[in-house]
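> sequence and computational prediction follow.
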Amino acid sequence: MKTTENAREQIGAQLAVAAAHALNEDLASQPRALLVVSGGSTPLPFFRRLAEQPVAWSRVDVTLADERWVPEEHADSNARLVRETLLTGPAAAATFHSLTTSDPTPEQGAATVAARLATLPWPASLVVLGMGNDGHTASLFPDSGELSLALSTDDSVVAVRAPSVPQPRITLSAARLHDARRHALHLVGDAKKAVLAQALSGDDVRELPIRAFLTCPLTLYWAP
Ligand SMILES: O=C(O)[C@H](O)[C@@H](O)[C@H](O)[C@H](O)COP(=O)(O)O
């Protein structure tokens, strides 16, 4: 296995240990704990290693930071990714809460999803964020007409459309994504490192929405 792949496996494993520790720490003082994860390709090593961690998974709720508005069997579904890679082995005992409904659009399903999320044990033990090369996180896209709403609303979820992505999305709002005891940012590669450096050197959240999460404690998990 190439060095880069090794490094990405290692950082995923380190994040998995940290996530398990966060869940176990909170489960020591509360009946259930919530984990919020992002989709995409970066989390695969993290998900596979977390699935094997010693956690009281039957007391854990898992949901997503955002989702593509596609059926769960769709190749682009984050729920499918989570069910196939994270909710396996011991972690199969966790309870997953999807961000989609049978409604044809996220605008029509958002209220149902918000009611579903309201039942979860907020604040989350951990929110794991990814980042795109355009500085988006979750589905807070710089080119989305709903970005300002998603950054300012007290609602839990926002339906999002953006020219940069092929499908309508639903995303947890910035406010909901901030409702956590711990935040981690998981990204790999030099291109994203450069975008993060640019994000850290400015404050325009609309330009690089990841900036909405760089003013609170955040642990960075990065590999080349
Ligand atoms: O639904 C999604 O795609 C994610 O939630 C998204 O916010 C992701 O974290 C970034 O797009 C990075 O994706 P990669 O890990 O694939 O680069």
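Yep, that arrived. These figures come from a predicted structure and were not determined experimentally.
> now the strands for this protein?
For the chain, the strands defined by DSSP state E cover 33-37, 60-64, 66-68, 95-97, 126-129, 157-160, 169-172, 183-188, 219-223.
> so what's the spatially most central residue of the chain up against?
Nearest to the mean C-alpha position of the chain, by C-alpha atoms, centre = their mean, lies S38 at 2.5 Å. Neighbour list for S38: 64-66, 78, 128-130, 137-138, 186 [criterion: C-beta atoms under 8 Å, 6 or more residues apart in numbering]. (Each C-beta comes from the backbone N, C-alpha and C, glycine too.)
> and of those residues, the nearest to the ligand?
For these, the residue nearest the ligand by C-beta to the nearest ligand atom is G130; the value is 2.2 Å.
> against V60, how distant is that closest one?
Applying C-beta to C-beta, to the nearest Å, the value for G130 to V60 is 20 Å.
> one step back: which among the contacts of S38 are in contact with the ligand?
Among these, the residues within reach of the ligand (C-beta under 6 Å from any ligand atom) are 65-66, 78, 130, 137-138.
> could you check how far N24 is from P209?
31 Å.
> those two: who's more crowded?
Shown here are N24 and P209; by other C-beta atoms under 10 Å, P209 has more neighbours (26 against 16).
> so that one sits against D143, correct?
No. If you go by C-beta atoms under 8 Å, P209 and D143 don't touch, sitting 10.4 Å apart.
> Q108: what's it in contact with?
Per C-beta under 8 Å, 6+ apart, neighbours of Q108: T101.
> who does the helix of greatest length in the chain touch, helix- and strand-wise?
Using DSSP state H to define each element, the chain has its longest helix at helix 3-27. Under the contact criterion of 3 or more C-beta pairs under 8 Å, 6 or more residues apart in numbering; DSSP states H and E, helix 3-27 touches strand 33-37, helix 44-50, strand 126-129, strand 183-188, strand 219-223.
> T4: what's its closest spatial neighbour, skipping adjacent residues?
Nearest-residue entry for T4: P224, 5.5 Å, with adjacent residues in sequence omitted and distances by C-beta to C-beta, 6 or more residues apart in numbering.
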